[in-house]
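Trainee: Dropping a prediction and its sequence here:
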Amino acid sequence: MSTARQSVPFLKGHGTENDFVIIPDPDGVLDLSAAQVARLCDRRAGLGGDGLLRAVRSAAHPEARELAGEAEWFMDYRNSDGSVAEMCGNGVRVFVRYLQRAGLVKDGEVPVATRAGVRRVRVAGDGPLTVSMGAARLPGGDGDSVTVRVGERSWPARHVDMGNPHAVAFVTALADAGPLLSPPQVRPAEVYPHGTNVEFVVDRGPRHVALRVHERGSGETRSCGTGACAVMVATARRDGLNPVVDGEPAAYTVDVPGGTLHITEHPDGDITMTGPAEIVAEGTLALPGH
């Protein structure tokens, strides 16, 4: 049966202006195609968003069923082009804000199943939310392992994995990255067989940096939570800090175009990210055809 005119509830939210369409689907009955997601995220033909968050009970989703004992809710995250993604740091805060608004969770620690594993979010009233993002991996070791190119300019970059891939490049000025209308070239390509997010970073002060980001499948966005964590780790290693080795936490302020995030790497390797999340609209929509 065609779902071209099927009406479903939706919400719209953002975290540091990284914005998302939220589709509540607790029983996992919706089968959203990549084309439908892309249409909903289109800023002229749809609601507009950097991505889409489908809220499904873990027990009702085949990719999350085995995590149902740890987390009741699964964040089915899609990029704005409709492609599937593992994780979204700003998205998981917005996801929990929705659950809170809907009365589905209470203040305290909320576990959320994602394709990158369970992420735990601390929520208290309408204040900032703190996400336990897990540990970063540096597949290239502690040195620069890849090169990022925009036009005729290139920079060494560090490969950081936060459950999704990142290439972090330090630049003299954020404008050096140009308009970012197309994905930066990253070499060697085999390091990122499924593409990558690319962050361009400048220093703002002691333990304070700013970034621009080109997100895989979405283009340049106003913020990227996993990207901010990857940037924090890359900056800490550049600065000679490694909490797992040092036994002391390292905390950085990371400015994104849409606001500010606070990132801390702890001696056990876990990275926490604190930032805002806001629901700005809700209603019903007619799903576009497949």
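Mentor: Here it is on my side, so go on.
Trainee: Residue 229 in helix, strand or coil?
Mentor: Of the three states, residue 229 takes helix under DSSP: H, G, I helix; E, B strand; the rest coil.
Trainee: What of residue 237?
Mentor: Applying three-state DSSP to residue 237 yields a three-state assignment of helix.
Trainee: Would you confirm that it contacts residue 142?
Mentor: Yes: here residue 237 reaches residue 142: they are 5.6 Å apart, a contact under Cβ atoms under 8 Å. Where you see a C-beta, it was placed from the backbone N, CA and C, and this is true even at glycine.
Trainee: what about those two, which has more around it?
Mentor: Taking other Cβ atoms under 10 Å, residue 237 and residue 142 do not tie; residue 237 has more neighbours (20 against 10).
Trainee: pLDDT score for that one?
Mentor: Note for residue 237: predicted pLDDT of 97.
Trainee: swap in the one 4 residues further on?
Mentor: If you check residue 241, the pLDDT there is 98.
Trainee: Am I right that it falls within a strand?
Mentor: No: counting by three-state DSSP, residue 241 is not part of a strand but coil.
Trainee: hey, what's the spatially closest residue to it that is not a sequence neighbour bridged with?
Mentor: With Cβ to Cβ, 6 or more residues apart in numbering as the criterion, residue 241 has its nearest non-adjacent residue at 4.5 Å, and that residue is residue 250. Here residue 250 sits in beta bridges with residue 265, going by DSSP bridges.
Trainee: Was I right to think residue 250 contacts residue 238?
Mentor: No: counting by Cβ under 8 Å, residue 250 does not reach residue 238; the two are 11.6 Å apart.
Trainee: Find the residues that touch each one of the two.
Mentor: Common neighbours of residue 250 and residue 238, counting by Cβ atoms under 8 Å, 6 or more residues apart in numbering, are absent.
Trainee: So which of the two has more stuff around it?
Mentor: Between residue 250 and residue 238, residue 250 has the larger neighbour count (other Cβ under 10 Å), namely 21 against 16.
Trainee: Give me the residue at the spatial middle of the chain.
Mentor: residue 88 (2.3 Å; Cα atoms, centre = their mean).
Trainee: what number of residues lie near the residue nearest to it when sequence neighbours are not counted?
Mentor: Spatially, and ignoring its direct neighbours in sequence, residue 88 is nearest to residue 77 (5.0 Å; Cβ to Cβ, 6+ apart). Close neighbours of residue 77, defined as other Cβ under 10 Å, add up to 22.
Trainee: Please apply the same query to residue 175.
Mentor: Residue 175: 11 neighbours (other Cβ under 10 Å).
Trainee: Next: residue 222.
Mentor: Neighbours of residue 222 (other Cβ under 10 Å): 18.
Trainee: how much space between residue 140 and residue 28?
Mentor: Using Cβ to Cβ, to the nearest Å, we find residue 140 at a distance of 38 Å from residue 28.
Trainee: And the two? Which one has more around it.
Mentor: residue 28 (19 against 16).
Trainee: For stretch 49-63, give the mean pLDDT please.
Mentor: 97.
Trainee: And stretch 157-176, by the same measure?
Mentor: On average, stretch 157-176 scores 96.
Trainee: Can you tell me the element residue 245 falls in?
Mentor: In this assignment (DSSP states H and E), residue 245 forms part of helix 243-246.
Trainee: Give the buried residues for that helix.
Mentor: For helix 243-246, the neighbour count (16 or more other Cβ atoms under 10 Å) marks residue 243 as buried.
Trainee: can you check stretch 191-211 too?
Mentor: For stretch 191-211, by 16+ other Cβ under 10 Å, it's 191-192, 195-202, 207, 209-211.
Trainee: For those residues, name the two members farthest from one another.
Mentor: 195 and 207 (30.2 Å; Cβ to Cβ).
Trainee: neighbouring contacts of the helix or strand hosting the residue nearest to residue 88?
Mentor: Assigned by DSSP H and E, residue 77 belongs to strand 73-79. Outside strand 73-79, the residues that touch it by Cβ under 8 Å, 6+ apart are 25, 32, 34, 37, 50-58, 61, 63-64, 67, 84-88, 91-92, 95, 99, 104-105, 112-115, 215-218.
Trainee: Pull out the buried residues from the residues you listed.
Mentor: Of the contacts of strand 73-79, these count as buried by 16+ other Cβ under 10 Å: 25, 32, 37, 50-58, 61, 64, 67, 85-88, 91-92, 95, 99, 104-105, 112-115, 215-218.
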